[in-house]
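In: fold the following.
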Amino acid sequence: MSVVVERRGELYSLAVGSVGEVLRLPADKFEPNPATLDPTWRQFAEGVYRLEEGVRVVIDDDSLLDYGGAPVAA
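Out: The predicted structure is shown next:
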């Protein structure tokens, strides 16, 4: 399964294990990365939402696609 993101006019398909619910979350519930967030997650995360069923990490697709400093798309 994959999730497609657009970056700088290019489409990228990110391979994922599964997709659960698609949620619409209120902007006022968004929080910056907590200090306790694993450093591996922190480098790719924009922030988090704390929900009753757990924390949802918001992935920063620019950081993910720029991993390693290699140019991905011009």
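
In: can you pull up the most central residue in this structure?
Out: For the chain, the residue nearest the mean C-alpha position is residue 59 (0.9 Å; Cα atoms, centre = their mean).

In: for it, give the beta-bridge partners.
Out: Note on residue 59: beta-bridge partners by DSSP bridges are residue 45.

In: and residue 11, what is it in contact with?
Out: Applying Cβ atoms under 8 Å, 6 or more residues apart in numbering, we find residue 11 in contact with 4-5. C-beta coordinates here come from the backbone N, C-alpha and C atoms, glycine included.

In: which helix or strand lies directly C-terminal to whichever strand or helix holds it?
Out: Assigned by DSSP states H and E, residue 11 belongs to strand 10-15. Downstream of strand 10-15, the first helix or strand assigned by DSSP H and E is strand 30-31.

In: now do the next helix or strand after that next one: which elements does it pack against?
Out: Per DSSP H and E, the first helix or strand lying C-terminal to strand 30-31 is helix 39-42. Applying 3 or more Cβ pairs under 8 Å, 6 or more residues apart in numbering; DSSP states H and E, we find helix 39-42 packed against no helix or strand.

In: got the contact list for stretch 12-32?
Out: Residues contacting stretch 12-32 (Cβ under 8 Å, 6+ apart): 1-6, 47-50, 56, 58, 61, 64-65, 72.

In: looking at these, which two lie furthest apart in space?
Out: Of all pairs drawn from the contacts of stretch 12-32, the one with the longest distance (Cβ to Cβ) is 50 and 72, at 31.0 Å.

In: neighbour count winner among those two?
Out: residue 72 (14 against 11; other Cβ atoms under 10 Å).

In: tell me the pLDDT of that one.
Out: Per-residue pLDDT puts residue 72 at 49.

In: now do residue 2
Out: 89.

In: excluding covalently adjacent residues, which one is nearest to it?
Out: residue 13 (4.3 Å; Cβ to Cβ, 6 or more residues apart in numbering).

In: what's the answer for residue 60, then?
Out: residue 46 (4.4 Å).

In: any regions of this protein where pLDDT drops low?
Out: Under the criterion pLDDT under 70, the flagged ranges of the chain are 67-74.

In: same thing but at 50, please
Out: Low-confidence segments of the chain (pLDDT under 50): 72, 74.
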